[in-house]
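*Asks:* Okay, predicted coordinates and the sequence, questions at the end:
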Amino acid sequence: MQGRTYTADADPGDEVTVAGWVHETRDLGGIAFLILRDTTGQIQVKFEKDEMDDDLVETGLGVHRESVISVTGEVAEEPRAPTGVEVVPESVEVVAPADPELPLDPSGKVDAELPTRLDNRTLDLRKDDVKAVFEVRAEILRATRETFRELGCTEINTPKIVATGTEGGTELFPITYFGREAFMNQSPQLFKQLMAGSGLERVFEIGPIFRAEEHNTPRHLNEATSIDFEGAFCDHHEAMDAAEAVAKAAYEAVAENCGDQLEALDLADEFEVPEGDFPRLTYEEALERVNDTGDIDEHLVWGDDLSTEAEHALGQDVGEHYFITDWPSEIKPFYIKDHDDDETVSTGFDMMHPRMELVSGGQREHRHERLIEGFEQQGLDPEAFEYYTKMFKYGMPPHAGWGMGAERLVMTVLGLKNIREAVLFPRDRQRLSP
Ligand code: ATP
Ligand code: AMO
């Protein structure tokens, strides 16, 4: 809007046009106030009934909450106003009226259930604390990109419609592609590896992944955002360093640049940036620690995956971010390389937050023959992946990488209870729109 002044920039003595939403109105008889809200804050608009034009007062006070209005007038100092200044209006225009009945209350005075909030995100994000989550999310992604830049990576985008899946543990969403069967991609895994072997060498991608997870949990989405890294001439240790750098950069950026957002989320006093190196436990050590806690019913043995309960018990015990390294080869995907001196142990790793897994990664099998064997062992037809495997015959360097769930990162940084709070329009089993 031409000539519009943000409320935060309206200084005493200025002639301004402020525009935004009617946050509330208070009619005290001879005098009435309207609080106008925009993305930068709020400002009071004063109506004095005996002094001002009747039409002006009527328009200003007849408008329902959450209507969009534009107010032109002079800014005056007023110590009793919430922000110390107020606008004395010369004209008021109702730009877009709002219904008197709203599906949720953006003033936050009445709590709404998550499904109602997700159905009405436009109104929901008029609340400072909800808006703050997405401003923090944007800051985390900005810091992530900057960190990758410092690590010498090039940002790439890979296809989301694919002919084959890669991640065994989760189902694919099938689609029809000009009469042929195709799928929504579960991970950029194979494409990012192909680019590690290209002239780019070090790449990253921030993009959607689609997983037909059957279960409904507070930490799974059917469409998630994956932060993916892949680097040529990298081993699993360097890949872990990169994952740690990205996670720490996220916390640091939020601490440095999101003061107002942490305030809005009531986290300003308790927010902490993780310090020191994240401990790196082997899978074997992790099993032993879980078993020693006595907090879970089962006794874990080599080859077991960590259940949610086991992850929680270990997370509580470790009490900070940590890695689990050297997983059994049998429970890691075909593209993860085994240790040269022991083929039963892989270079696969997970990076954990005490509450949940954030990252999976490892060094990759870059030797063509071994890769083909890996496909066969996992019951996959190498022919179907020929577009991928054949590039391993043309000079594929050793490489390593990982994938990190962006929503899980935001969720753990801010201590959100449900991953859906970190997504504008989440996709889960029930939710396909909006
Ligand atoms: P005034 O207070 O300006 O002489 P008035 O007598 O019409 O005008 P009241 O009805 O006495 O106003 O005010 C109602 C309440 O509003 C009082 O508590 C007063 O302190 C408060 N008030 C008045 N003007 C402002 C203002 N500009 N900003 C915030 N509060 C105000
Ligand atoms: P993985 O399947 O472990 O590994 O996924 C990597 C990370 O992505 C996040 N994530 C999810 N977040 C929300 N909802 C989901 N349904 C979901 N699924 C995964 C998690 C997880 O740690 N190709 C490998 C990565 C690699 O080796 O580079 C992969 O996809 O935070």
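*Replies:* Looks like it arrived, so ask away. Ligands and ions are numbered 1, 2, ... in the order given.
*Asks:* tally of neighbours for the nearest residue to Asn257 once chain neighbours are set aside?
*Replies:* Once flanking residues are discounted, Asn257 sits nearest to Glu139: 5.6 Å by C-beta to C-beta, 6 or more residues apart in numbering. Every residue, glycine included, has its C-beta placed from N, CA and C. Counted with other C-beta atoms under 10 Å, the burial measure for Glu139 works out to 19 neighbours.
*Asks:* With Gly29 instead?
*Replies:* Using other C-beta under 10 Å, Gly29 has 6 neighbouring residues.
*Asks:* From Asp50, how far off is it?
*Replies:* 11 Å (C-beta to C-beta, to the nearest Å).
*Asks:* Could you pull up the contacting residues of the residue nearest to Glu146 when sequence neighbours are not counted?
*Replies:* Take Glu146 and drop its neighbours on the chain: the residue closest to it by C-beta to C-beta, 6+ apart is Ala249, 7.1 Å away. Applying C-beta atoms under 8 Å, 6 or more residues apart in numbering to Ala249 gives the contacts Ala143, Thr144, Glu146, Thr147.
*Asks:* what's the answer for Phe210, then?
*Replies:* By C-beta under 8 Å, 6+ apart, the neighbours of Phe210 are Lys160, Leu172, Phe173, Phe183, Met184, Asn185, Gln186, Asn222, Glu223.
*Asks:* now do Ile140
*Replies:* Contacts for Ile140 (C-beta under 8 Å, 6+ apart) come out as Ala250, Ala253, Val254, Ala406, Leu409, Val410, Val413.
*Asks:* tell me which residues form a beta bridge with Phe173?
*Replies:* Met184 (DSSP bridges).
*Asks:* Burial check on it, number of neighbours?
*Replies:* Using other C-beta under 10 Å, Phe173 is surrounded by 16 other residues.
*Asks:* rewinding a little: just say helix, strand or coil for the residue nearest to Glu146.
*Replies:* Following DSSP: H, G, I helix; E, B strand; the rest coil, the label given to Ala249 is helix.
*Asks:* Next one: it from Leu151, what distance?
*Replies:* Taking C-beta to C-beta, one finds Ala249 at 10 Å from Leu151.
*Asks:* Please name the residues that touch the one residue in the chain that gets nearest to ligand 2.
*Replies:* The minimum distance from the chain to ligand 2, using C-beta to the nearest ligand atom, falls at Gly405 (2.6 Å). Applying C-beta under 8 Å, 6+ apart to Gly405 gives the contacts Ala224, Thr225, Ser226, Ile227, Leu358, Val359.
*Asks:* Using just helix, strand and coil, how would you label the residue of the chain most remote from its centre?
*Replies:* Distance from the centre of the chain peaks at Asp50, with 51.9 Å (C-alpha atoms, centre = their mean). Secondary structure, three-state DSSP: Asp50 is coil.
*Asks:* per-residue pLDDT, it?
*Replies:* Predicted confidence (pLDDT) for Asp50: 95.
*Asks:* Setting aside sequence neighbours, what's the nearest residue to His368?
*Replies:* Nearest non-adjacent residue to His368, counting by C-beta to C-beta, 6+ apart: Phe392, 4.1 Å away.
*Asks:* Phi first, then psi, for that neighbour.
*Replies:* Main-chain dihedrals, Phe392, degrees, to the nearest 10: phi -80, psi 0.
*Asks:* same deal with Ala112?
*Replies:* Backbone geometry at Ala112, expressed as degrees, to the nearest 10, gives phi -120, psi 150.
*Asks:* Isn't it up against Pro106?
*Replies:* No. Taking contacts as C-beta atoms under 8 Å, Ala112 lies outside contact range of Pro106: 9.6 Å.
*Asks:* list the residues that contact both of the two?
*Replies:* Joint contacts of Ala112 and Pro106 (C-beta under 8 Å, 6+ apart) are Asp124.
*Asks:* quick one: which of the two has more around it?
*Replies:* Ranked by neighbour count (other C-beta under 10 Å), Ala112 and Pro106 place Pro106 first, with 23 against 18.
*Asks:* and this structure, what are its domains?
*Replies:* Per the record, the chain has its domains at 14-96, 122-279+320-421, by the TED database.
*Asks:* Show the end-to-end separation of the shortest one, please.
*Replies:* Distances were taken as C-alpha to C-alpha, to the nearest Å; on that basis the terminal residues of domain 14-96 are 25 Å apart.
*Asks:* Quick check: residues of the protein near ligand 1?
*Replies:* Leu28, Gly29, Gly30, Ile31, Lys46, Glu78, Arg80, Ala81, Glu86 (C-beta under 6 Å from any ligand atom).
*Asks:* per-residue pLDDT, the closest residue to ligand 1 within the stretch 51-200 of the chain?
*Replies:* Closest contact between the stretch 51-200 of the chain and ligand 1, by C-beta to the nearest ligand atom, is at Arg80 (3.4 Å). With respect to pLDDT, Arg80 scores 97.
*Asks:* Renumber starting at 50 from here on
*Replies:* Done: numbering now begins at 50, and the last item shifts to Arg129.
*Asks:* So which of the contacts of Gly454 reach ligand 2?
*Replies:* Answer for the contacts of Gly454 near ligand 2 (C-beta under 6 Å from any ligand atom): Ala273, Ser275, Leu407, Val408.
*Asks:* just curious, which of those residues is nearest to Asp375?
*Replies:* Closest approach between these and Asp375, by C-beta to C-beta: Val408, at 15.5 Å.
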